[in-house]
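J.: Everything below, folded, please.
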Amino acid sequence: MSVISLSDARKKRENTSDSKSQSELNSELDSIGPLHINPEDEYDPVMMVAMVVDTARFAPFTTKSGFARMAANEIAIAASEGFISTQLSESSYCNKWMVTADGLEFLKEVMHEAAPRH
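T.: Sure thing, here's the model as predicted:
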């Protein structure tokens, strides 16, 4: 088993062309581009992201679990915001999403806002 360093992988990624697609589209889509998350959707996106972060806090889930597939958009947002991560240390990663310090702060803020006020 060989070990691939992150710095080598980053260098390799820098050498790939940004202007040319590396693969061809293999399915028909109505449009190409990002799927935008609409704040007027049936479910509150902030609460959905909070649910993902809370799940990672109490029961870290694998990157390929059923939950990860079901909540892929919310997980992408939470990871992009730094609320969850698979990083264990500076150069060590695992296959489980876990809450970060920023994620705990986010949950604290969301719970404070969601708490009933008298």
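
J.: When you work out contacts or count neighbours from here on, use the C-alpha atoms and nothing else.
T.: Will do.

J.: so residue 61 makes contact with residue 99?
T.: No. Using Cα atoms under 8 Å as the test, residue 61 is too far from residue 99 to be in contact (10.4 Å).

J.: can you tell me which strand in the protein is longest?
T.: Counting by DSSP state E, the longest strand found in the chain is strand 92-99.

J.: quick one: strands adjacent to it?
T.: Take DSSP bridges as the rule and strand 92-99 pairs in its sheet with strand 61-62 (antiparallel), strand 84-89 (antiparallel).

J.: any chance of those strands in a markdown table, with distance to residue 112 too?
T.: What follows is the strands paired with strand 92-99, written out as a markdown table (distance: least, Cα to Cα, whole Å):
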| stretch | distance to residue 112 |
| --- | --- |
| strand 61-62 | 25 |
| strand 84-89 | 20 |
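
J.: So for residue 116, which of those strands sits nearest?
T.: strand 84-89 (26.6 Å; Cα to Cα).

J.: any idea how far residue 63 is from residue 47?
T.: 21 Å (Cα to Cα, to the nearest Å).
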